[in-house]
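1. pasting the structure only:
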């Protein structure tokens, strides 16, 4: 998939999560569209601004905004059919994270960025849209949930893509597949099996 196709796909799925967040907050249709659009383009906007990409992807091609609006309308009329909107939000977010990280990696590589920058752009593209969604919805951001892999999953997927393309001479398409698989696999393992990294625990000072 091209970077543009990845941006479209991540915009669609992230928009669905934004609209689900709006449904949980019981907003009107305009609120749904706002949440959907913010979540859909938030990560890619941060990526493009940091990479000095002119114009930003959704300004050059407003299609992601249209995708977000359609997703918002769809969720507005169907969210009540879902047994658990939170569960749908979490799993759709995991899918969007995996695709958005791959989009960030692809865009940064196409612009000739160095490996560390590619890693950061993959993580930024995958995380900032959902972070903005959760902060504005006054929810604990999924990216900050204790005991869950989120940024780690994004970093792992971006790193795996770089290793696959640079060390194994894999085609960029395979790099995208590796990125999506590793990111989604790590996030899924965290959600289903409790995979996590050790967390800091405060200790009393020594006397």
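-> That came through, no problem. If you're wondering where the values come from, they're calculated on a predicted model, not measured in any experiment.
2. Let me know the next secondary structure element after the longest helix along the chain.
-> Looking across the chain with DSSP state H, the single longest helix is helix 85-110. Sequence-wise, the next helix or strand downstream of helix 85-110 (DSSP states H and E) is helix 115-136.
3. I'd like the next helix or strand past that following helix.
-> helix 151-166.
4. Now do that following helix against helix 115-136, angle only.
-> Helix 151-166 runs at 150 degrees relative to helix 115-136, counting by axes from the mean of the first three to the mean of the last three CA atoms, to 10 degrees.
5. Okay, buried residues for helix 151-166 please.
-> By 16 or more other CB atoms under 10 Å, the buried positions in helix 151-166 come out as 151-162, 164-165. For glycine as for every other residue, the C-beta is placed from the backbone atoms N, C-alpha and C.
6. Turn the residues you listed into JSON lines, columns for pLDDT and distance to residue 53.
-> Supplementary listing: the buried residues of helix 151-166 in JSON lines, determined by pLDDT from 0 to 100; distance: CB to CB, whole Å:
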{"residue": "151", "pLDDT": "97", "distance to residue 53": "22"}
{"residue": "152", "pLDDT": "97", "distance to residue 53": "26"}
{"residue": "153", "pLDDT": "98", "distance to residue 53": "25"}
{"residue": "154", "pLDDT": "98", "distance to residue 53": "20"}
{"residue": "155", "pLDDT": "97", "distance to residue 53": "22"}
{"residue": "156", "pLDDT": "97", "distance to residue 53": "25"}
{"residue": "157", "pLDDT": "97", "distance to residue 53": "21"}
{"residue": "158", "pLDDT": "97", "distance to residue 53": "18"}
{"residue": "159", "pLDDT": "96", "distance to residue 53": "22"}
{"residue": "160", "pLDDT": "95", "distance to residue 53": "24"}
{"residue": "161", "pLDDT": "93", "distance to residue 53": "19"}
{"residue": "162", "pLDDT": "92", "distance to residue 53": "20"}
{"residue": "164", "pLDDT": "87", "distance to residue 53": "24"}
{"residue": "165", "pLDDT": "82", "distance to residue 53": "20"}
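7. Format those residues as a markdown table; extra columns: distance to residue 8.
-> Listed next are those as a markdown table, based on distance: CB to CB, whole Å:
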| residue | distance to residue 8 |
| --- | --- |
| 151 | 24 |
| 152 | 26 |
| 153 | 22 |
| 154 | 19 |
| 155 | 24 |
| 156 | 24 |
| 157 | 19 |
| 158 | 20 |
| 159 | 24 |
| 160 | 23 |
| 161 | 19 |
| 162 | 23 |
| 164 | 23 |
| 165 | 22 |
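8. and the nearest residue to residue 106 once chain neighbours are set aside, what is it in contact with?
-> For residue 106, ignoring the flanking residues on the chain, the nearest one in space by CB to CB, 6 or more residues apart in numbering is residue 3 at 3.9 Å. By CB atoms under 8 Å, 6 or more residues apart in numbering, residue 3 lies in contact with 103, 106, 107, 110.
9. which of those residues are buried?
-> If we count by 16+ other CB under 10 Å, those have these buried: 103, 106, 107.
10. any chance of those in TSV, with distance to residue 26 too?
-> Listed next are those as TSV, based on distance: CB to CB, whole Å:
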residue	distance to residue 26
103	31
106	37
107	36
